[in-house]
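Student: my questions concern the predicted model and sequence given below.
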Amino acid sequence: MSKRKEEEVLSAFDGYDEGIRLLLEETQRRAEESHLPPAVKKKMAELKQKAEERKRKAKEKWEKAKEMRVSVYLPKTLQQEIQEIAQTEGTSESQVMTYLLFEAVERYKKKEIGFWGYKHPSESPRYDFILVHPKDTERTGKIESRKSQKNNWSG
Amino acid sequence: MTKVIAFVNQKGGVGKTTSAITLGHGLAIAGRKVVLVDGDKQGHIERHLNIPKKPGFRRWFYEEEPLEEHLIEARPNLWVLPGDKSTNLVIGKLRDEPLATPMFVKRLRQELEMGNFEVGMIDLGPGLDHLQMAAMMAADYVLIPVSPRFLDMDGVAEVTQTMAELNYSQGKEWRRFIILPTMYMRMWKESGVRLRELVERFGAMVWPPIPNDPRVVEAPGRGKTLWEYAAETKAVKGIETGEKRIGGYEEALERLKKLLEEG
């Protein structure tokens, strides 16, 4: 057996696997706990039960909230503005967004807000238009550069 | 090049067949072409995968017929060389004919290579006789499933000692041997004590354990592998400790893939 191979083989005997170390620590802890006085054991069991209950409730809450969670792309400037409003009002960003969106949707339905003039033809197979708010400088920039590229090709 | 893995432990009921099927099917699902050689005369691989028991192993080695004629595709990418009680004749041949073992090694490796199989897994019955020796001689890796209980630990000692003897007398080298603790019962002190004994002796050769799980016992009766019957069960997913899951066949499979990639 070559020296390198031999070293490789021997090194495999060194150390514990990280997962196994965790399991062994847990076994050790259980063994130590088994020697504690009954009153302490009872107290520990109660604390453990409470911790598990808290964990279960947190998990339930998270699962419930998951249904309402959405991912959207927002320009950085708008994100900052929402953060500022939330800080000023002492509330969460989600709540500010929800409030403002309710207001905006209602105004849209009443035709107080329209998209006319802000819709540009889209090249995406999924959408017909790209809707860009005049303050959305990132998207406006992209639209402008696409337009100028097209002009260059046609010219 | 085909890699051969022998599943050995002289103790019975430690999870050799379950581990071979679960890891073999896991590799097959991942797109590798795998052969499971049923070297156990009980023919439990066939029962588990719901295919007929046949004397394929005997016909291949004892009658010297081509391997490919006896392979059954049990699942996509997963082929089985079936066995039955006539596997005894293979053991007899290996015992009685001096050149049978080198012939076994040569033929198995050559024919797996010719069939473009990436992995050959030999599931062996309990014991440590001529067939287990020949399988170990043919293997690149020896995987020793062991349930961490007092008497079962003896099997590991016997296998590793036999490996050392084969290394000494035959010059056989393995790329790696793996100890896979199975049926690990987290709440049972004995499991923890025996697991500690294993890692103190074999260090990183011991992989994180497969938790004890009734689903493992149910799967063969349904003719399904664990991936088909209960892919979300703890024997597959591992033991939950806080944020991290430890062990389980999923982790063992990932480690095996890595090992095979490293060559």
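Tutor: Cool, the structure landed.

Student: can you give me the strands for chain A?
Tutor: With strands called from DSSP state E, chain A shows them at A:119-121, A:129-131.

Student: what's in contact with the last one?
Tutor: Residues from elsewhere that reach strand A:129-131 (CB atoms under 8 Å, 6 or more residues apart in numbering or on different chains): A:115, A:118-122, A:124, A:139, A:143. No exception for glycine: its C-beta is placed from N, CA and C like everyone else's.

Student: with the first one instead?
Tutor: The set of residues that contact strand A:119-121 without belonging to it, under CB under 8 Å, 6+ apart, is A:128-132, A:143.

Student: and it, what's buried?
Tutor: With burial defined by 16 or more other CB atoms under 10 Å in any protein chain shown, not one residue of strand A:119-121 is counted as buried.

Student: related to what we said a few turns ago, with pLDDT added, can I get the contacts of strand A:129-131 in JSON lines?
Tutor: Written out in JSON lines, the entries for those read as follows (pLDDT from 0 to 100):
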{"residue": "A:F115", "pLDDT": "91"}
{"residue": "A:Y118", "pLDDT": "90"}
{"residue": "A:K119", "pLDDT": "90"}
{"residue": "A:H120", "pLDDT": "87"}
{"residue": "A:P121", "pLDDT": "86"}
{"residue": "A:S122", "pLDDT": "84"}
{"residue": "A:S124", "pLDDT": "82"}
{"residue": "A:R139", "pLDDT": "83"}
{"residue": "A:I143", "pLDDT": "81"}
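
Student: follow-up on the earlier one: top of the contacts of strand A:119-121 by number of neighbours, please.
Tutor: A:V132 (18 neighbours; other CB atoms under 10 Å in any protein chain shown).

Student: please give me every residue in contact with B:E97.
Tutor: Going by CB under 8 Å, 6+ apart, B:E97 touches B:M103.

Student: how much space is there between it and chain A?
Tutor: Per CB to the nearest CB, to the nearest Å, B:E97 is found 29 Å from chain A.

Student: hang on, the earlier thing: what's the lowest-pLDDT member of the contacts of strand A:119-121?
Tutor: By predicted confidence (pLDDT), the lowest-ranked of the contacts of strand A:119-121 is A:I143, with 81.

Student: let me see the contact set for that one.
Tutor: With CB under 8 Å, 6+ apart, A:I143 has these contacts: A:120, A:130, A:132.

Student: try 10 Å this time
Tutor: A:120-121, A:130, A:132, A:136 (CB atoms under 10 Å, 6 or more residues apart in numbering or on different chains).

Student: for the residues you listed, could you give me TSV that also reports distance to B:S191?
Tutor: Output for the contacts of A:I143, formatted as TSV (distance: CB to CB, whole Å):
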residue	distance to B:S191
A:H120	65
A:P121	66
A:I130	61
A:V132	62
A:D136	60
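
Student: show me where chain B has strands.
Tutor: Assigned by DSSP E, the strands in chain B fall at B:3-7, B:34-39, B:72-75, B:78-81, B:119-124, B:141-146, B:176-181, B:239-241, B:244-246.

Student: now chain A against chain B: closest residue?
Tutor: Checking chain A residue by residue against chain B with CB to the nearest CB singles out A:T27 as nearest, at 3.0 Å.

Student: what is the burial count for that residue?
Tutor: Other residues near A:T27 number 19, with proximity taken as other CB under 10 Å.

Student: so who does the nearest residue to it once chain neighbours are set aside touch?
Tutor: In space, not counting the residues next to it along the chain, A:T27 is nearest to B:G192; the distance is 3.0 Å by CB to CB, 6 or more residues apart in numbering or on different chains. Contacts here follow CB under 10 Å, 6+ apart; on that basis B:G192 touches A:23-28, A:30-31, B:148, B:184-186.

Student: just the buried ones from those?
Tutor: Among the contacts of B:G192, those that count as buried by neighbour count (16+ other CB under 10 Å) are A:23-24, A:26-27, B:148, B:184, B:186.

Student: could you dump those into JSON lines with pLDDT added?
Tutor: Written out in JSON lines, the entries for the buried ones among the contacts of B:G192 read as follows (pLDDT from 0 to 100):
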{"residue": "A:L23", "pLDDT": "85"}
{"residue": "A:L24", "pLDDT": "85"}
{"residue": "A:E26", "pLDDT": "81"}
{"residue": "A:T27", "pLDDT": "80"}
{"residue": "B:P148", "pLDDT": "90"}
{"residue": "B:Y184", "pLDDT": "93"}
{"residue": "B:R186", "pLDDT": "85"}
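
Student: for those residues, work out which two are farthest apart.
Tutor: Of all pairs drawn from the buried ones among the contacts of B:G192, the one with the largest separation by CB to CB is A:E26 and B:P148; the distance is 14.2 Å.

Student: before we move on, the earlier item: could the strands of chain A go into a markdown table alongside distance to A:S92?
Tutor: What follows is the strands of chain A, written out as a markdown table (distance: least, CB to CB, whole Å):
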| stretch | distance to A:S92 |
| --- | --- |
| strand A:119-121 | 32 |
| strand A:129-131 | 27 |
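
Student: re the thing from before, any idea how far B:I210 is from the residue nearest to A:T27?
Tutor: Shown here: B:G192 relative to B:I210, a distance of 15 Å by CB to CB, to the nearest Å.

Student: ok, now A:E26?
Tutor: To B:I210, A:E26 is 17 Å away according to CB to CB.

Student: B:E254 now?
Tutor: 14 Å.

Student: counting neighbours, go ahead and name the busier of these two.
Tutor: Neighbours were tallied for B:E254 and for B:I210 using other CB under 10 Å; the higher tally belongs to B:I210 (29 against 12).

Student: list the contacts of that one.
Tutor: By CB under 10 Å, 6+ apart, B:I210 lies in contact with B:15, B:18-19, B:22, B:145, B:147, B:180-184, B:216, B:226, B:234-236, B:238-239, B:247-249, B:251-252.

Student: where does the prediction get shaky in chain A?
Tutor: Flagging of chain A using pLDDT under 70 yields the residue ranges A:1-15, A:153-155.

Student: please enumerate the helices of it.
Tutor: Counting by DSSP state H, chain A has helices at residues A:3-11, A:18-34, A:38-66, A:76-89, A:93-109, A:137-154.
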